[in-house]
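Colleague: structure for this input, please:
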Amino acid sequence: MNEAIQLPCVRERFYRRERRSVPAAREFTSDALAAWGLGAVRDDVLLCVSELATNALVHGVPPGRGYLLRLARYEEALRVEVHDSGDGCPRPREPQGESGRGLLLVATVADKWGVGERAPGKVVWCEFGVSVRR
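Modeller: Residues are numbered from 1 along each chain as shown. Next up, the predicted model:
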């Protein structure tokens, strides 16, 4: 028996290394979530987009470069990916003052998260279970 292959709905946007890219990424994500009928996960997804985009700016995007935000809507999941060209393998760490909470928040709020390789750099991603839109 052949199983149907589930292709995602994908939206992506490239952002330059500048502070205003984080609010722009949040707005882009909010628009996609509204179009896909995913208002129930909006706040959690926007928090994770903010944290992943900020981490890319602070730790992963060398001067003169940028990052790619990719949103993929599957039947029962939403995947958020931030692609950057920086080195390293991000992991949650002990917070120090006002910083260090980003990946702890992502790990707490998202259903799954991780880091993948790309050349050059990495992809930091998180996923949220979502119900089928009817």
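
Colleague: which helix or strand in the protein has the lowest average pLDDT?
Modeller: helix 102-109 (a mean of 92; mean pLDDT, DSSP states H and E).

Colleague: pLDDT weak spots in the protein?
Modeller: Where the chain drops to pLDDT under 70, the residues are 1-7, 95, 97-100, 132-134.

Colleague: follow-up on the earlier one: contact partners of the least confident helix or strand of the chain?
Modeller: Contact with helix 102-109 is made by 44, 47-48, 51-52, 54-55, 90-93, 95, 113, 126, as judged by Cβ atoms under 8 Å, 6 or more residues apart in numbering. For glycine as for every other residue, the C-beta is placed from the backbone atoms N, C-alpha and C.

Colleague: buried residues, it. List them.
Modeller: G102, L103, V106, V109 (16 or more other Cβ atoms under 10 Å).

Colleague: then stretch 88-105?
Modeller: Result for stretch 88-105 [16+ other Cβ under 10 Å]: buried residues P90, R101, G102, L103.
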